[in-house]
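Colleague: take a look and give me a structure for this.
(one chain, ligands or ions: 1)
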Amino acid sequence: MIYLLVSDDSLFHRMVSETFLQEEEVWSWAGRKKNGEAWPGPGAAFYGDPGDPETFRGVVPGRDVVAVVCFKDPQRTAQAVDALSSSRPEVKVLVTTTNGELDHLVRENLRKVSWADMVGDRLEAEIARLRTLERVQAVRDVLGAAENVALVLQPDPDPDGIASALALRQVLRRNRATAPIVTFGGVTRPENVAMLSLLEIDLEVIRPADLLRFERVALLDVQPNVLKGVIESPDVVIDHHPEQKGYSARFRDIRSSYGATSTILTEYCLAAEVVIPQRLATALLYGIKSDTLFLDRETSKADILAFSYLYPHVNTNLLRRIEKPELPRSALRAFGRALREVDLTHGLAYVHLGTVEREDVIPQLAELSLQLEGAEWSAASGLVGDNLVVSVRNAGYQKAAGTVVKALFGDVGSAGGHQAMAKAVIPLKAFRKKYGSTRSGRIKAVMIKGFLEEIECVPTSSASSRR
Ligand SMILES: [Mn+2]
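Modeller: Below is the predicted model:
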């Protein structure tokens, strides 16, 4: 590629010649300074009036030429483009501009780029990193000198929490001895168990009294209210759940607009130029991915930026093994039995699983049932311990799933969720009291009738309102 730089802007010349055009063949238009002296840019020079077609006629003939045109006066830029158009129509033209002033310039092989697009985003990102760096410094000030720091996660931690703790440890330049990852209840979901073992992450289940061992306590992806008063004044809280009141912390960074705490910690690493090894990148990406349902739910621009930064550094083979953990043969057989039982009525695919060993098969089956031809909604239920657990999905453009489960089960148990997915946990005792029995037949009948009433009381969405 050969470049023609046509510009009277010395800053522009310096930028392009010192950065991306270093190895390229560059010809630059040489203007005259006020004192009449020739003012050469980078590369070989050519002379003439940039508004005159003759100026360009003899310069490096050939097709693969790009002219980059940038004059301080947009009028002159337009004149140079006109001159190029009449003498060298084959030359591709890139014009730099500030907002909108050259909108009228149109030519087949011409593109315009604004300064704001070229440097604005970058500048904004650097300023944001500067702010983040300040926070990293504050965290280090609180936790740096301590003999040890407990990185506390919610009971049954999820990938976002686990990855965030791993990242904070890296930011603090600590190891598993001086900053162990602890929780009051171990990991149960098979994907999360796989994450710990495949990424060799150590997680210690402790009792509240064990916290006395630690000089400092940091909460990640959780705030004190979830821990039922066990930790009243943590030293550090970093979280993306809605901000809770009623506790004090020496440092807190709560960003409820973020889809994942892992995004906050990725920003910490970038701002402080902390190396993100492959294992950590894999954990953080999985943290973001699982909390945002693959950037589908409650995702901010920050999550997408962090995701795209991490992606090239991830071990995709490990990630795949975490996301598709080994399934015991018995689980697959139970799946098969359950799938035969799926009932489809008026667009609702429903299956009751009876007693299940692992709660996660319930949402998995709800997810799968939604793919059934003709299903607009799906629900799966099962008995886990003393509870009836219900998982609900919809194709995404109906009444919110969360609203439906709240209306159905809000009075007998805990129920809630988002637009497209929701969950309810109903104590069997309460279900029996309200509906008379917890036999499978009774549960199925209650579910199907309840759901259909709740769903159908909404006018069916027309084709045009579908996304
Ligand atoms: Mn989270």
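
Colleague: report the buried residues of the helix or strand hosting residue 331.
Modeller: In the assignment (DSSP states H and E), residue 331 maps to helix 329-340. Neighbour-count burial for helix 329-340, counted by 16 or more other C-beta atoms under 10 Å, picks out 331, 334-335, 338. (C-beta placed from N, C-alpha, C; glycine too.)

Colleague: which SS state does the closest residue to the ion within the stretch 51-200 of the chain fall under?
Modeller: Closest to the ion within the stretch 51-200 of the chain is residue 160: 3.4 Å, counting by C-beta to the ion. For residue 160, the assignment made with DSSP: H, G, I helix; E, B strand; the rest coil gives helix.

Colleague: burial of whichever residue of the stretch 351-467 of the chain sits closest to the ion, as a residue count?
Modeller: The nearest approach of the stretch 351-467 of the chain to the ion comes at residue 418, 14.0 Å away (C-beta to the ion). Neighbour count for residue 418, taken as other C-beta atoms under 10 Å: 14.

Colleague: with adjacent residues omitted, what lies nearest to it?
Modeller: Of all residues not flanking residue 418 in the chain, residue 402 sits nearest, at 5.5 Å (C-beta to C-beta, 6 or more residues apart in numbering).

Colleague: who in the stretch 251-400 of the chain is up against the ion?
Modeller: 261, 291 (C-beta under 5 Å from the ion).

Colleague: how about the strands in the stretch 51-200 of the chain?
Modeller: 65-70, 92-97, 110-114, 149-153, 181-183 (DSSP state E, counting those that start in this stretch).

Colleague: so what does the strand or helix carrying residue 266 touch, helix or strand wise?
Modeller: Using DSSP H and E, residue 266 sits within helix 261-271. When contacts are defined as 3 or more C-beta pairs under 8 Å, 6 or more residues apart in numbering; DSSP states H and E, helix 261-271 sits against helix 121-143, helix 159-171, strand 236-239, helix 278-291, helix 301-310.

Colleague: for that helix, the averaged confidence score.
Modeller: For helix 261-271, mean pLDDT rounds to 98.

Colleague: do stretch 30-50 as well
Modeller: The model assigns stretch 30-50 a mean pLDDT of 77.

Colleague: same check, this time on stretch 414-421
Modeller: 81.

Colleague: go on, stretch 308-322?
Modeller: 95.

Colleague: ok, and for it, which residues are buried?
Modeller: Buried residues in stretch 308-322, counting neighbours by 16+ other C-beta under 10 Å, are found at 309-310, 314-315, 318-319, 321-322.

Colleague: and the residues you listed, which two are furthest apart?
Modeller: Farthest pair in the buried residues of stretch 308-322 (C-beta to C-beta) is 309 and 321. Separation: 22.6 Å.

Colleague: before we move on, the earlier item: go through the buried residues of helix 329-340 and name the one nearest residue 67.
Modeller: The closest of these, once distances to residue 67 are taken by C-beta to C-beta, is residue 335, at 62.6 Å.

Colleague: where's stretch 82-93 relative to the chain centroid, distance-wise?
Modeller: Put simply, stretch 82-93 sits 44 Å off its chain's centre (C-alpha atoms, centre = their mean, to the nearest Å).

Colleague: residues from the stretch 51-200 of the chain in reach of the ion?
Modeller: residue 160.

Colleague: separation between the nearest residue to residue 190 once chain neighbours are set aside and residue 88?
Modeller: Among residues not flanking residue 190 along the chain, residue 325 sits closest, at 4.3 Å (C-beta to C-beta, 6+ apart). Here residue 325 is placed at a distance of 61 Å from residue 88 (C-beta to C-beta, to the nearest Å).

Colleague: just the pLDDT for the nearest residue to residue 246 once chain neighbours are set aside.
Modeller: Setting aside the residues directly before and after it, residue 246 is nearest to residue 225 in space (C-beta to C-beta, 6+ apart), at 7.3 Å. The per-residue pLDDT reported for residue 225 equals 88.

Colleague: ok, residue 225 - contacts?
Modeller: Residue 225 makes contact with 244, 246-247, according to C-beta atoms under 8 Å, 6 or more residues apart in numbering.

Colleague: now render those residues as a markdown table, adding secondary structure.
Modeller: Below are the contacts of residue 225 laid out as a markdown table (three-state DSSP):
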| residue | secondary structure |
| --- | --- |
| 244 | coil |
| 246 | coil |
| 247 | coil |
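
Colleague: about what we covered before: adding pLDDT and distance to residue 397, write the buried residues of helix 329-340 out as JSON lines.
Modeller: What follows is the buried residues of helix 329-340, written out as JSON lines (pLDDT from 0 to 100; distance: C-beta to C-beta, whole Å):
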{"residue": "331", "pLDDT": "76", "distance to residue 397": "32"}
{"residue": "334", "pLDDT": "77", "distance to residue 397": "32"}
{"residue": "335", "pLDDT": "82", "distance to residue 397": "28"}
{"residue": "338", "pLDDT": "86", "distance to residue 397": "27"}
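
Colleague: nearest residue to the middle of this structure?
Modeller: Against the mean C-alpha coordinate of the chain, by C-alpha atoms, centre = their mean, the closest residue is residue 303 at 2.9 Å.

Colleague: work out for me the element the closest residue to that residue other than its chain neighbours sits within.
Modeller: For residue 303, ignoring the flanking residues on the chain, the nearest one in space by C-beta to C-beta, 6+ apart is residue 259 at 4.2 Å. Using DSSP H and E, residue 259 falls within no helix or strand.

Colleague: surely residue 259 and residue 291 touch.
Modeller: Yes: with contact defined as C-beta atoms under 8 Å, residue 259 reaches residue 291; the gap is 5.7 Å.

Colleague: any shared contact partners between the two?
Modeller: Residues touching both residue 259 and residue 291 (C-beta under 8 Å, 6+ apart): residue 240.

Colleague: follow-up on the earlier one: and the helix holding residue 266, what's buried?
Modeller: For helix 261-271, the neighbour count (16+ other C-beta under 10 Å) marks 261-271 as buried.

Colleague: ok, so of those, who is nearest residue 17?
Modeller: Relative to residue 17, the closest of those is residue 270; by C-beta to C-beta it sits at 28.6 Å.

Colleague: check contacts around that closest one.
Modeller: 129, 132, 309.

Colleague: can I assume the last one is in contact with residue 266?
Modeller: Spelled out, that is residue 309. Yes: between residue 309 and residue 266 there is a contact under C-beta under 8 Å: 6.7 Å.

Colleague: ok, residue 132 - contacts?
Modeller: 267-268, 270-272.

Colleague: how about a cut-off of 10 Å?
Modeller: By C-beta atoms under 10 Å, 6 or more residues apart in numbering, the residues touching residue 132 are 253, 264, 267-272.

Colleague: need the max-distance pair from the residues you listed.
Modeller: 253 and 270, at 14.8 Å, using C-beta to C-beta across those.

Colleague: kindly report the domain assignment for the chain.
Modeller: 2-108, 127-323, 342-464 (automatic domain parsing).
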